[in-house]
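Asks: output the structure for:
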Amino acid sequence: MSKTLKVLSFLAVSTFLFGYVFNILFSKTCVDARLGFNNISLVEIADHSSSEMPTPWYQLFIFGQQFITYQDDTFVLLDKHNDNLILAKNSELLTTTLLSPTALVSFCMLIFTLIYLFRAERKKYRHSIALNLVRTDLTKLLESLDIKTQILQHGGLLAQISHAVHVIADNVDRIKLQTDSNLYQDKLTQLIDRHAYLEHLDIQLTEAEKKHQHCGLLFIDLDGFKQVNDSFGHSFGDEILIQVANRLSSIVKQYDIQDIHPIHGLEQNLSRLGGDEFSIFIPKIEDASFCTRVSQTILNEIERDFVLGNKIVKIGASIGIAIYPESASHPHALLQMADVAMYRAKTDGRGIFKVYSPEMGSKIRRYHYLLEELRLAIASQNFHLSFQPIVHVEDCAIDYFEALIRWHHPIEGLIPPAEFIPIAEESNLILELGDWILLESCRQMSAWHNAGMKKVKISVNVSGIQLKHRPIAKWVEQTLEKTGLPASSLMLEITESTLITASEEIIEQLEACRRAGVTIAIDDFGTGFSSLSTLADLPIDVIKIDKLFITQASQNQKYHKILNSISELGNQLGLKIVAEGVEQAEQFELVKSMGIRCVQGYLVSRPETSHNVGTKVLKGNVNHIASTGTSIWLPDSK
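Replies: Residues are numbered from 1 along each chain as shown. Down below sits the predicted model:
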């Protein structure tokens, strides 16, 4: 509204000025005409020969003049002489006035003034739009920076913009602190992250080198954390991590190894590296025993119960310790060496700490070397299967074959499964490798089944990783369909520790396999934390007794009684009992006397290639196979 009034006022003033100037010039022209100073012709008429005309519209600009109509034309009265009137044509007066230099200059000045004022107003308008945009952007910036301020209600745009800039300037320190925290802080635990931690280590190790100090670094990895996530969900897992961070913070304070950043106030000697991995840096130590004391305190703290709502959760930790400069002299290398020591702590039993030594480095290099070679071997399917027969003690009739994977490395030769299978499980390569093992085992057994061995099964080992990541029932069904092998000819072997801790979903999957006709065996029975009360509820058909009991039974009376009890338990539950690791005739007779009906071991046969199995079983034995659905595997005579 104010802008409209401004425009109307400007037009009114311009019109008035224009009229005022034009009136003066017109009056001057009339005077000059009466005095004969210009070429305007004059007319002298009697007073009664003319008549006044109504006021024309331009009388607004030419006031003080009298207009007269004479002979249908408009004249301006210039003077009276006796009874006569001296007139001049209005059109000539107007033309002369408008074409006079003064009028032209005045008109041009008015036009230029109007143009200048228009452009100035337009520039001011654009400037106002730009200031409004700046004000809008500053308002959005204040909102994004979470700055609460009262909007300035007076002083115009510039004052509002100035006020917003001053508010932001007053909050610069807070914003910088918040930005640093966001950049360097782990969002969940509020500890510094890996990148900030490594930067801090770089500074600290440089100072330690100058002062010839020894430093320690602890690499902490939680044991059993994955099971918490799997059992209770990630929200429970996040709460565990927060509580672990709080407990570690208390330990850092307890041992007075704090280092608070002067700006953002974060503890720099404690970091969450990622996942369930944490690290503590000890800036000055006299010997490694200080690091071990801190580590033991950490283990004790983490082993305390974690209370989550109405649930109590127990986890542990494995800790690797690296000493500067003995273990390494650079941040990344020191962290890596502590990681190697932590890995050694896990492989040696978990819930302990280990100090890095060069020997660990060679083991971890071996681990990573085999990991890469294993990936290549899986991609090129550079494996083969061996088959070990399990026979009945009465007549050595073949009950089933256990499929065992073998890896013949092109440079190192035969690498034992005990070395590469754990690596495959830790890296989840066991999933792809296990797919190949099941498919090849079923394909081979399908060929033997079609050759007449219809009562013989093929046994395939399945790891806990496969049970968690594979829909077992569907996985087995699809493999059987591909190979044409009946479900009754397949057995899945699962270790005791895996079965005891299996989830209800996994148990249901195994039950579905049993309903389809697949046999389920519990392997290495007696080596895990067996629970006889739950044994009857597990979906199993076969118990394979670990070779430890077979070896000790003939020498230790307690093992003899345990072995006998397992045999009786299996018979009462209607389970088939298989004795593993039978290598001597005395062991064979012992298990036979206890009522154990199937044996496996080097006494009967070592694992054989599919070619050797075919040669020994099928050659010259076709009639017996056709009538019995199996064959005889006599122990080696040598």
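
Asks: quick check, pLDDT for the nearest residue to residue 487 once chain neighbours are set aside.
Replies: Once flanking residues are discounted, residue 487 sits nearest to residue 517: 3.5 Å by Cβ to Cβ, 6 or more residues apart in numbering. For every residue, glycine as well, the C-beta is placed using N, CA and C. We have a pLDDT of 95 for residue 517.

Asks: list the contacts of residue 517.
Replies: For residue 517, the contact set (Cβ atoms under 8 Å, 6 or more residues apart in numbering) comprises 486-488.

Asks: against residue 464, how distant is residue 375?
Replies: Counting by Cβ to Cβ, to the nearest Å, the separation of residue 375 from residue 464 is 21 Å.

Asks: out of those two, which sits in the busier spot?
Replies: Using other Cβ atoms under 10 Å as the criterion, residue 375 and residue 464 rank with residue 464 on top: 17 against 14.

Asks: for the helix or strand hosting residue 298, give the mean pLDDT please.
Replies: Applying DSSP states H and E as the criterion places residue 298 in helix 288-303. Mean pLDDT, helix 288-303: 93.

Asks: which helices and strands sit right next to it?
Replies: Contacts defined by 3 or more Cβ pairs under 8 Å, 6 or more residues apart in numbering; DSSP states H and E place helix 288-303 against strand 214-223, helix 234-254, strand 277-285, strand 316-324, strand 353-355.

Asks: quick one, which of these gets closest to residue 68.
Replies: Closest approach to residue 68 among the helices and strands packed on helix 288-303 is made by helix 234-254 (102.8 Å; Cβ to Cβ).

Asks: what's the angle between that closest one and strand 214-223?
Replies: Per axes from the mean of the first three to the mean of the last three Cα atoms, to 10 degrees, the angle that helix 234-254 makes with strand 214-223 is 160 degrees.

Asks: chain center to helix 234-254, what's the gap?
Replies: 21 Å (Cα atoms, centre = their mean, to the nearest Å).

Asks: after it comes which helix or strand?
Replies: Next along from helix 234-254, by DSSP H and E: strand 270-274.

Asks: what does that next one rub up against?
Replies: Strand 270-274 is contacted by residues 186, 188-189, 191-194, 196-197, 219, 241, 245, 248-249, 252, 278-281, 335 when judged by Cβ under 8 Å, 6+ apart.

Asks: elements contacting the strand or helix carrying residue 206?
Replies: Residue 206 is part of helix 194-211, with elements assigned from DSSP H and E. Packing partners of helix 194-211 (3+ Cβ pairs under 8 Å, 6+ apart): helix 172-184, strand 214-223, strand 270-274, strand 277-285, helix 331-347.

Asks: the same query, at a cut-off of 7 Å, please.
Replies: Judged by 3 or more Cβ pairs under 7 Å, 6 or more residues apart in numbering; DSSP states H and E, helix 194-211 is in contact with strand 214-223, strand 270-274, strand 277-285, helix 331-347.

Asks: next, the buried residues of the next helix-or-strand element following the first one.
Replies: Read in the C-terminal direction, the helix or strand following strand 214-223 is helix 225-232, with elements assigned using DSSP H and E. Applying a neighbour-count criterion of 16 or more other Cβ atoms under 10 Å, one finds 225, 228, 232 buried in helix 225-232.

Asks: kindly report the same for stretch 350-363.
Replies: By neighbour count on 16+ other Cβ under 10 Å, the buried set for stretch 350-363 is 351-356, 360-361.

Asks: could you dump those to TSV with pLDDT and distance to residue 444?
Replies: Converted to TSV, the buried residues of stretch 350-363 look like this (pLDDT from 0 to 100; distance: Cβ to Cβ, whole Å):
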residue	pLDDT	distance to residue 444
351	90	42
352	94	43
353	94	47
354	93	43
355	92	48
356	91	46
360	82	40
361	75	41
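
Asks: how about TSV for the residues you listed, with distance to residue 68 added?
Replies: Listed next are the buried residues of stretch 350-363 as TSV, based on distance: Cβ to Cβ, whole Å:
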residue	distance to residue 68
351	124
352	126
353	123
354	125
355	125
356	122
360	124
361	123
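
Asks: and which of the buried residues of helix 225-232 is nearest residue 408?
Replies: So of those, ranked by how close each gets to residue 408 (Cβ to Cβ), first place is residue 225, at 37.2 Å.

Asks: isn't that closest one up against residue 316?
Replies: No - with contact defined as Cβ atoms under 7 Å, residue 225 does not count as touching residue 316 (9.3 Å).

Asks: what's the PyMOL line that selects buried ones from the contacts of strand 270-274?
Replies: The PyMOL command for the buried members of the contacts of strand 270-274 (criterion: 16+ other Cβ under 10 Å) is given here:
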select buried, resi 186+189+191+192+193+194+196+197+219+241+245+248+249+252+278+279+280+281+335
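
Asks: have a look at the protein and report its longest helix.
Replies: Taking DSSP state H as the criterion, the chain has its longest helix at helix 101-144.

Asks: now for it, which elements pack on it?
Replies: Judged by 3+ Cβ pairs under 7 Å, 6+ apart, the packing partners of helix 101-144 are helix 2-35, helix 156-170.

Asks: what's the local residue count around residue 80?
Replies: By other Cβ under 10 Å, neighbour count at residue 80 equals 10.
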